[in-house]
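Q: turn this into a model:
(one chain, ligands or ions: 1)
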Amino acid sequence: MLLPPSLPVLLLPSWGLGLREELGHAVSAALQLHPASDPGPYPGPDPNPNPDAWVCVSVDYTNFFNSISRPAVFRALLNTPQFADLYPFLSMLYSKASPAKLWADLGVQMWDDILSQEGVHQGCTFGSFLACLGLQPILEEVAANMESGFVVAYVDDVKINAPAPVAHAAYMSLRELSRTLLGLEEEPTKGSVIWEGPGDVDVSMFPPTLPGVASRLLVDKHAGVYVGDARPESVAAVKAALQTKLEDKAGLIARLALIDSPQIRIALLRACASARPGFWMRTMSPSLTVDSATWYDARMREALSDAMLTPLTDHAWRLSTLPCRFGGLGITSALASSDGAHYASWAASWHNIVTMFPQAIPLAAVDLPISTLPFAVALCSAHRSTDSSLTALTDNINQHPLPSCAPSNPSIPSPSELSQRFPRAQKCFAAVVHSARWLDVFDQATPAHRALILSHSHQGANFAFSAVPSSHHGAMLPISYVTAAQRLLRLPLTATAPLHGSTCKCGARIDSYGDHLLSCIHCLHLRTGAWHDAIQHVVMRMARFAGFNVSVDSRRLIAPVYSPHHIPDLSLIHAAPNGGHVLIDVTTTSVTKGTALPAAAQIPGVAAQGAEAVKRRVYGNVTPHRVVPFAVEEGGALGKEALGFLLWCRKRVRADSPSFDLAEMNWSSRGFSNWAFQCLSLANAKGLGHYFTSACSCIQHS
Ligand SMILES: [Zn+2]
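A: Reported below is the predicted structural model:
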């Protein structure tokens, strides 16, 4: 069957990695739809088996960016109306009269200029774009002369997909045009030819040095993705290649032990190490990635246990691999994310690839569920797994409270619905998978731990754990950080280890998780000390940034008398709508103390609500002034009044305060509310850590 040529596409890196995934998916689907059939049990001496089977020829150039003809690139720029406006600017960057210079050290104090006269500049922001523009007309010409198949490229990574004879003609034509028009030399040893199906394909017309010609390849790489075919030895080779890659990527995890600070170790584990397998989890079938994902997760869990000074339980590991906004430590589990990520990758690209290459991929979305092609089987299996997360979330059979960041109208499209575009699939599906995992972790938790998880899952509550620590912002003492994280994960607290199992001077048994120490009457004074003051300091800064006239009443020699019973921490002079003062009282509260626990394990924010009520009662009637109890739960959840005050400050900062500026920005927070949430969460986590250290010595030495 002869198919009309499909247009090649130019895939620019600036359009995002999504297109790189589309390239890989398009090639896999096209090859699997045009496989080489099995020769049967008694193969005859067929000199040209499977002439219709498609091959994918990967083309690689020697020194692409440095060799591509600069005049050809600029001719292409002028010939492309969408980009021609860039010509005056870019021709200045690439000036003929005064070319950019590199300097080379030619030996002992001998230096010379190397003029940039060909190719695109090293490190130039427009480099890949210009090189793509130069290559595009040639790819179009080659594709236009193909009677079937298609050409795709990601910058210089060119794939010709067609029946072997057609692909060969296109390959020869591409080589010739690239050499004569762009000055590019194709390098066969760096390219490859592969196909799908159990049978052989005659590829003897290709250069013998092109990998795949002399003997069929077991594994190849397309835009970084490992690809193979359905033969068992190929499946094994693809798995092994990925395993080797992840072992290489895991080198960073092993080196984390060199760093003293557990906070920096875990930040690196979260932001650098745990994100590394993501690209392969998205692009490769979960059946191929499951083994190495399991292996990689085990390495991360070891490193986390090491940083936390205690082995993680299965439950603690699952909680640490929830995003920070879900009350976790934000570490990405390769295994737990692979099904959702893989299905989302297809959901985001299916519409585009069948629209771009309708002849190459003649498969309707409605036929995906019944297709036996490996890619369709894998995406349907990934869908079933993701869909079961959706069911767990929407059924919520135990009627647990949901975290505030759970999606309000969750949905996962079925494979037959993929004829539509789902550009936000990664984000949406991940939210569903995380919510279902959150429910599972919550369901398995003890009541005390449930109360903590609810508190940590409040808006902004866990921002301390996503802060990038630096000496001037966010860095915590190692023991404080570890204590806060251990308390969150319900691991025995290292800071209070000498007391575990002993009897407190109040007569109660001291548990290893800190529940008793947080509610013991003998430690009450610690709650109004450094922990309280750290939060008060942040509230004061918030108020000042918001342009309030702040009086720090707790520090004044003669305290103002607003209430016969109590002195506020801060008062905002004439800030109330009626001209009265706003009296702010900061208070921290534990969600696991006896009276609060039963409700706090079921209702988010109820401990803070109770603390607010207590404060209001203490103050009594202070008319014409107004009391704002600023309650912070130990897990970081803010009370209603505290959150309302934060939002009030944010509004004023936007409206008329120039004082909050870039100086307050850091690597991990932007904007006033992020900054405020993060500072409060950090002050709270530091305070909690400090509390347990002091409580331990207080009980021990009394
Ligand atoms: Zn006690």
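
Q: contact partners for I331?
A: By Cβ atoms under 8 Å, 6 or more residues apart in numbering, the residues touching I331 are I266, L269, R270, S274, M300, L304, S320, T321. Placement of C-beta: from N, CA and C, glycine included.

Q: swap in L583?
A: Per Cβ under 8 Å, 6+ apart, neighbours of L583: Y562, S563, P568, L570, S571, Y619, V622, H625, R626, V627, V628.

Q: as TSV, the contacts of I331 with neighbour count and distance to the ion would be great.
A: Putting those into TSV (neighbours: other Cβ atoms under 10 Å; distance: Cβ to the ion, whole Å) gives the following:
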residue	neighbour count	distance to the ion
I266	27	31
L269	24	36
R270	24	35
S274	26	39
M300	25	37
L304	27	31
S320	27	30
T321	27	34
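
Q: quick one, domains of this structure?
A: Following automatic domain parsing, the chain resolves into domains at 1-39+48-229, 245-444, 478-700.

Q: ranking those by mean pLDDT, which is last?
A: Ranked by mean pLDDT, the domains of the chain bottom out at domain 1-39+48-229, with a mean of 84.

Q: so what's the gap between it and the chain middle?
A: 30 Å (Cα atoms, centre = their mean, to the nearest Å).

Q: before we move on, what about stretch 489-496?
A: The answer for stretch 489-496 is 28 Å, by Cα atoms, centre = their mean.

Q: what are the buried residues along it?
A: Residues of stretch 489-496 classed as buried by neighbour count (16 or more other Cβ atoms under 10 Å): L489, R490, L491, L493, T494, A495, T496.

Q: for the second one, give me its contacts.
A: I take that to be R490. With contact set as Cβ under 8 Å, 6+ apart, R490 has these partners: T313, H315, A316, L319, A445, T446, A448, H449, L452, Y513.

Q: ok, and the closest non-adjacent residue to the last one?
A: Read it as Y513. R490 (6.1 Å; Cβ to Cβ, 6 or more residues apart in numbering).

Q: quick one, phi psi at that neighbour?
A: Dihedral pair for R490: phi 60, psi 50, per degrees, to the nearest 10.

Q: need the strands for the stretch 101-250 of the chain, in chain order.
A: Assignment of strands within the stretch 101-250 of the chain using DSSP state E, counting those that start in this stretch yields the ranges 101-105, 111-115, 150-154, 157-163, 192-195, 220-222, 225-227.

Q: just the contacts of I331: which are in helices?
A: I266, M300, L304, S320 (DSSP state H).

Q: number of residues surrounding T244?
A: 12 (other Cβ atoms under 10 Å).

Q: any idea which of the contacts of L583 is closest to the ion?
A: Comparing the contacts of L583 against the ion with Cβ to the ion places Y619 closest, at 28.7 Å.

Q: tell me how far that closest one lies from S563.
A: Using Cβ to Cβ, to the nearest Å, one gets 4 Å for the distance from Y619 to S563.

Q: may I see the buried residues of stretch 172-181?
A: Neighbour counts over stretch 172-181 (16+ other Cβ under 10 Å) mark S173, L174, R175, L177, S178, L181 as buried.

Q: let me fix that, I meant to ask about stretch 242-255.
A: In stretch 242-255, counting by 16+ other Cβ under 10 Å, buried: L242, K245, L246, K249, A250, I253.

Q: got those residues as a markdown table, with distance to F326 columns?
A: Output for these, formatted as a markdown table (distance: Cβ to Cβ, whole Å):
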| residue | distance to F326 |
| --- | --- |
| L242 | 28 |
| K245 | 29 |
| L246 | 25 |
| K249 | 25 |
| A250 | 25 |
| I253 | 23 |
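
Q: go through the buried residues of stretch 489-496 and name the one nearest the ion.
A: T496 (11.8 Å).

Q: can you pull up the most central residue in this protein?
A: Nearest to the mean C-alpha position of the chain, by Cα atoms, centre = their mean, lies A275 at 6.1 Å.

Q: burial check on L184, number of neighbours?
A: L184, neighbours per other Cβ under 10 Å, totals 27.

Q: give the contact list for it.
A: Counting by Cβ under 8 Å, 6+ apart, L184 has contacts Y61, T62, F64, S67, I68, S69, S178.

Q: go through those residues and name the one nearest the ion.
A: F64 (70.5 Å).

Q: now the closest one: closest residue in space that isn't a chain neighbour?
A: D156 (4.1 Å).

Q: mind listing the strands the helix or strand V57 falls within pairs with, and their directions?
A: For V57, the element it lies in under DSSP states H and E is strand 54-59. Strand pairing for strand 54-59, using DSSP bridges, gives strand 157-163 (antiparallel), strand 192-195 (antiparallel).

Q: re the thing from before, compare Y619 and S563 (neighbour count), which wins?
A: Y619 (21 against 17).

Q: any idea how far the more buried one is from S551?
A: 16 Å.

Q: with H351 instead?
A: When H351 is compared with S551 (using Cβ to Cβ), they lie 60 Å apart.

Q: can you check P286 too?
A: Look at P286 and S551: by Cβ to Cβ, they are 60 Å apart.

Q: and those two? Which one has more around it.
A: Legend: neighbour count by other Cβ under 10 Å for P286 and S551, higher for P286 (20 against 17).

Q: for the closest residue to that one other than its chain neighbours, the count of nearby residues, please.
A: The shortest distance from P286 to any non-neighbouring residue, by Cβ to Cβ, 6+ apart, is to S338 (4.7 Å). S338 is surrounded by 26 other residues when neighbours are defined as other Cβ under 10 Å.
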